[in-house]
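**Student:** Need a 3D model of the following:
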Amino acid sequence: MAENIEYIIKVEDVRPDFKWELKFNTFLENIEYIIKVEDVRPDFKWDNASTKVLIDLYKKYKKKLGTMELKTVKDMWVVIAKELEVALKKPVPASCCENRYKVLDRNYKKTIYGKKVCCPSTSIISDEMAELFMGKKSVVPQLLFADEMAELFMGKKSVVPQLLLSTSTIHEPEVERHMATDESIKEREITTVTNSTYKDVAESAINSENIRIRNRKRKAKWKGIWQQMKV
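**Tutor:** Below you'll find the model as predicted:
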């Protein structure tokens, strides 16, 4: 009988986020593999300062994405994590940076480009990400890092970079905007009615002329028949 041998191999992955423990038993030709993954990521907490640094680093390295220096998105986040770790003097995993930016991206689009004003029951935004003015329906939520995030979206065809109540925009009163909208709607309605009226008059004139032509032909036909009957 073959000896049952147990191997335990500990492997340090390229990413420091995880440690792998590979254990497998061999008995004759049967091989059993047991893989244990241990998450050793530090409990990193984001605040306004670290988030601002993350956004600045993303703007810096986003331009280099696809070059020989940063071939993939994963490479970009690894570089950002290393530089952020140096700036904050604490370990920051690359996956943690990527997840944080995804939260910023999602909340920014939801808050800035949403059609409805956010309220506590429908909007879940982290304390570091946004400060909302509640209790007034006419007030649009003010988002922290709005200017920084808007700069990242400039040039994208799928997103209209329009900020509401940010530090670099002027708020337009709702009354004036509604008045302008009402005037433009009335102008379009008048134009539509005028075009429709001209069309109806033209069609009516054509129909009347067709009726007159048919009547003349009918009279000429019966006149010819009566003349033949008299002969």
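**Student:** can you count the residues close to residue 96?
**Tutor:** Look at residue 96: counted by other C-beta atoms under 10 Å, it has 20 neighbours. No exception for glycine: its C-beta is placed from N, CA and C like everyone else's.
**Student:** Which of the helices or strands spans it?
**Tutor:** helix 94-112 (DSSP states H and E).
**Student:** now swap in residue 206 and tell me
**Tutor:** helix 174-230.
**Student:** Tell me where this structure is predicted with low confidence.
**Tutor:** Residues of the chain meeting the criterion pLDDT under 70: 1-43, 112-147, 149-202, 230-231.
**Student:** Walk me through the domains of it.
**Tutor:** 5-39, 48-171, 173-231 (automatic domain parsing).
**Student:** ok, back up a step: may I see the buried residues of the helix holding residue 96?
**Tutor:** 94-98, 100-101, 104, 107-108, 110-112 (16 or more other C-beta atoms under 10 Å).
**Student:** same check, this time on stretch 44-60
**Tutor:** Buried, per 16+ other C-beta under 10 Å, within stretch 44-60: 44, 46, 50, 51, 53, 54, 55, 57, 58.
**Student:** Chain neighbours aside, what residue packs nearest to residue 57?
**Tutor:** Sequence neighbours aside, residue 80 is the residue nearest to residue 57 in space, at 4.7 Å (criterion: C-beta to C-beta, 6 or more residues apart in numbering).
**Student:** what's the burial count for the one you found?
**Tutor:** Neighbour tally, residue 80, other C-beta under 10 Å: 24.
**Student:** Doesn't it lie inside a helix?
**Tutor:** Yes - per DSSP: H, G, I helix; E, B strand; the rest coil, residue 80 lies within a helix segment.
**Student:** OK, contacts around residue 77?
**Tutor:** 94, 95, 97, 98 (C-beta atoms under 8 Å, 6 or more residues apart in numbering).
**Student:** at 10 Å what do you get?
**Tutor:** 57-58, 61, 70, 84, 93-99, 101 (C-beta atoms under 10 Å, 6 or more residues apart in numbering).
**Student:** Can you report phi and psi for residue 70?
**Tutor:** Main-chain dihedrals, residue 70, degrees, to the nearest 10: phi -130, psi 90.
**Student:** If I follow the layout properly, it ends up in contact with residue 58?
**Tutor:** No - using C-beta atoms under 10 Å, residue 70 makes no contact with residue 58, being 11.8 Å away.
**Student:** what is in contact with these two at once?
**Tutor:** With C-beta under 10 Å, 6+ apart, residue 70 and residue 58 have common neighbours 76, 77, 80.
**Student:** want to throw those into CSV with distance to residue 216?
**Tutor:** Shown next, in CSV, are the shared contacts of residue 70 and residue 58 (distance: C-beta to C-beta, whole Å):
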residue, distance to residue 216
76, 83
77, 85
80, 87
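**Student:** wait, which of those is closest to residue 215?
**Tutor:** Ranked by distance to residue 215 (C-beta to C-beta), the shared contacts of residue 70 and residue 58 are led by residue 76 at 82.5 Å.
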